[in-house]
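[1] Compute the structure for the input listed below.
(one chain, ligands or ions: 2)
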Amino acid sequence: MAWKCGIDGCGREFEAVEETIVHQTEDHERHECKVCGTIVPDGFFAIRHAFDEHRRAEFMRAYDADSSDVREREDVKEAIESEADLQVVVDRLDENGAL
Ligand SMILES: [Zn+2]
Ligand SMILES: [Zn+2]
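    Ligands and ions are numbered 1, 2, ... in the order given. A predicted model of the protein is given here:
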């Protein structure tokens, strides 16, 4: 199964989910959380931040999102968290000096 970068129609595909997250972190602009203003890498880390740190209602209000937007992001987050070895991602970013 190929993983596709879903940021702004980027569409690049990767064989490993870890590579996708490294790509999102290194090749895309950082994202400013609309709820609290924290700067986070776009893509998976932005989604994880939004749902680990904030309530769904806050997310929906700040992003003008509806419940299907929320469900879509929660599905992505779950799929990645069950598949990805985040330590591999962190190690790689560390090696590349991206953290
Ligand atoms: Zn991308
Ligand atoms: Zn936030």
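[2] any low-confidence regions in the chain?
    Along the chain, segments meeting pLDDT under 70 span 1.
[3] one more time with 90, if that's ok
    Along the chain, segments meeting pLDDT under 90 span 1-2, 8, 97-99.
[4] Which positions in it make contact with ligand 1?
    Proximity of the chain to ligand 1, by CB under 5 Å from the ion, involves residues 5, 7, 10, 12. Where you see a C-beta, it was placed from the backbone N, CA and C, and this is true even at glycine.
[5] Farthest pair within the residues you listed?
    7 and 12 (9.2 Å; CB to CB).
[6] what ranges do the helices span in the chain?
    Under the criterion DSSP state H, helices of the chain are mapped to 17-27, 44-53, 56-63, 67-83, 86-95.
[7] for the ones you listed, which one ends up most surrounded?
    helix 17-27 (a mean of 20; mean count of other CB atoms under 10 Å).
[8] Output the contacting helices and strands for that helix.
    If contacts are counted by 3 or more CB pairs under 8 Å, 6 or more residues apart in numbering; DSSP states H and E, helix 17-27 sits against strand 3-4, helix 44-53, helix 67-83, helix 86-95.
[9] Looking at residue 7 and residue 12, which is more packed in?
    Using other CB atoms under 10 Å, the more surrounded residue of residue 7 and residue 12 is residue 7, with 18 against 15.
[10] circling back: now distance to residue 63 too, for the residues of the chain next to ligand 1, in a markdown table please.
    As requested, the residues of the chain next to ligand 1 are exported to a markdown table (distance: CB to CB, whole Å):
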| residue | distance to residue 63 |
| --- | --- |
| 5 | 19 |
| 7 | 14 |
| 10 | 19 |
| 12 | 23 |
